[in-house]
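[1] prediction below, plus the sequence it came from.
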Amino acid sequence: MSGTGTGPLVRLDATVAPAGAAVDWLTARRLEIREAVARDGAVLVRGLRLDNRVTAVAAVGRIIGEPLIEREGFAPRDTYGQGVYSSSHWPADQPMCMHHELSYAPSAPRLMAFACLTPPADGGITAIADSRAVLRDLPEDLVARFERHGWWLTRHYNPFVGITWQDAFGTDDPAAVDRYCAEHGIEARWDADGALRTVQTRPAVVRHPETGERCWFNQIAFLNEWTMAPEVREFLTAEFGPEGLPFNTFCGDGTPLDRASVDLINEVYEKHTVREPWRRGDLLVIDNVRTAHSREPHRGEREIVVGLGEPFQP
């Protein structure tokens with residue numbers, strides 16, 4: 001285990017599991033694994049024989065409990081089963097910075113599981129960070145501002161960049177999207193060309209649904225324009241205008257965020273980041289409220305099966 005800080009990661013050895021018995025082994029230890037995640041925030045099960053995608057999907061499904069069906073995703077995924085997906089299709093040379101899965105959505109997973117079928121040749125780590133420690137080390141005035149106003153996410157669904165609104169909302173009916181948005185406090189506006197723009201305000205700090213602990217729980221830095229690679233931001237702004245970025249974040253009162261604030265949030269995440277390179281057969285299980293995660297750039301093929309479970313309303 002390596003990283004610039006200490007963090008929540010407990011290891012369990014699964015090399016003792018008989019060949020072909022990965023799912024049975026996990027079933028027998030499911031309660032132990034979930035208790036360890038509840039206590040420590042993340043568990044890495046190492047040494048499972050996940051010989052194929054079918055086995056990996058079954059293993060992930062066995063751990064996550066009640067599945068969450070993703071809505072409002074920001075990158076395409078392949079669907080493998082109820083609440084079980086491929087990792088997000090995201091450019092290999094671009095990072096996915098620290099975030100909490102679906103923290104902008106009306107329902108988010110409390111539990112996530114990642115099963116490694118193919119580790120990349122280099123990089124591609126799913127790093128983690130303790131959201132309680134991040135909250136503790138962020139400047140008090142910044143935290144107070146976001147606790148007072150929440151955070152504001154704008155999205156521009158268009159056929160050229162990012163996920164389509166049809167895939168994000170699981171329907172090709174604009175009226176169904178309008179109903180979903182109205183029910184969940186999302187402002188929706190349709191452009192003349194059929195593109196969809198949405199705005200939603202969400203809490204930046206939440207109470208853990210079981211422990212009641214305050215946790216920094218959002219995607220303020222990850223989905224902000226200043227976290228994009230400069231050349232990507234410049235291209236998208238030139239093509240679609242400053243309001244046409246596929247996503248951007250603001251303080252909940254609509255105030256734009258400056259680069260220094262976004263960089264500061266990412267720096268505090270880095271202070272508490274824990275990294276463990278993927279090995280074939282690894283299963284990482286995290287508490288999505290207590291534990292932020294990221295995906296680092298990589299070289300070579302990388303296949304991770306992802307499970308979203310135990311839905312809750314932030």
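    Thanks, I have the structure now. Residues are numbered from 1 along each chain as shown.

[2] buried sites along whichever strand or helix holds E267?
    Using DSSP states H and E, E267 sits in helix 259-271. If you call a residue buried by 16 or more other CB atoms under 10 Å, then helix 259-271 has these buried ones: S261, V262, I265, N266, V268, Y269, E270. Glycine gets a C-beta too; all of them are placed from N, C-alpha and C.

[3] which ones are touching the second one?
    Counting by CB atoms under 8 Å, 6 or more residues apart in numbering, V262 touches I220, A221, N224, W226, T227.

[4] name the nearest residue to the second one, ignoring sequence neighbours.
    Spelled out, that is A221. What sits nearest to A221 in space, not counting adjacent residues and going by CB to CB, 6 or more residues apart in numbering, is I265, at 4.2 Å.

[5] now that neighbour: how far from W226?
    For I265, the distance to W226 (CB to CB, to the nearest Å) stands at 10 Å.

[6] surely R30 meets I63?
    Yes. Look at R30 against I63 with CB atoms under 8 Å: they come within range, at 6.4 Å.

[7] before we move on, the earlier item: closest one of the buried residues of helix 259-271 to E239?
    Comparing those against E239 with CB to CB places V262 closest, at 22.0 Å.

[8] find the nearest non-adjacent residue to the closest one, please.
    W226 (4.2 Å).

[9] and if you look at G123?
    H298 (3.8 Å).

[10] then the helix holding E267 to CSV, C-alphas only?
    What follows is helix 259-271, C-alpha atoms only, in CSV (Å, rounded to 0.1, in the frame of the first residue of the first chain):
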residue,chain,number,x,y,z
ARG,A,259,-9.0,27.7,-9.9
ALA,A,260,-7.4,28.2,-6.5
SER,A,261,-10.4,26.9,-4.6
VAL,A,262,-10.7,23.8,-6.9
ASP,A,263,-7.0,23.1,-6.7
LEU,A,264,-7.2,23.4,-2.9
ILE,A,265,-9.9,20.8,-2.6
ASN,A,266,-7.9,18.4,-4.8
GLU,A,267,-4.8,19.1,-2.8
VAL,A,268,-6.6,18.1,0.4
TYR,A,269,-7.8,14.9,-1.2
GLU,A,270,-4.3,14.1,-2.3
LYS,A,271,-3.1,14.6,1.3
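
[11] elements contacting whatever helix or strand comes next after that helix?
    Following helix 259-271 in sequence order, the next helix or strand is strand 273-275 (DSSP H and E). Other elements packing on strand 273-275 under the criterion 3 or more CB pairs under 8 Å, 6 or more residues apart in numbering; DSSP states H and E are strand 2-3, strand 128-130.

[12] kind regards, and thank you for your time.
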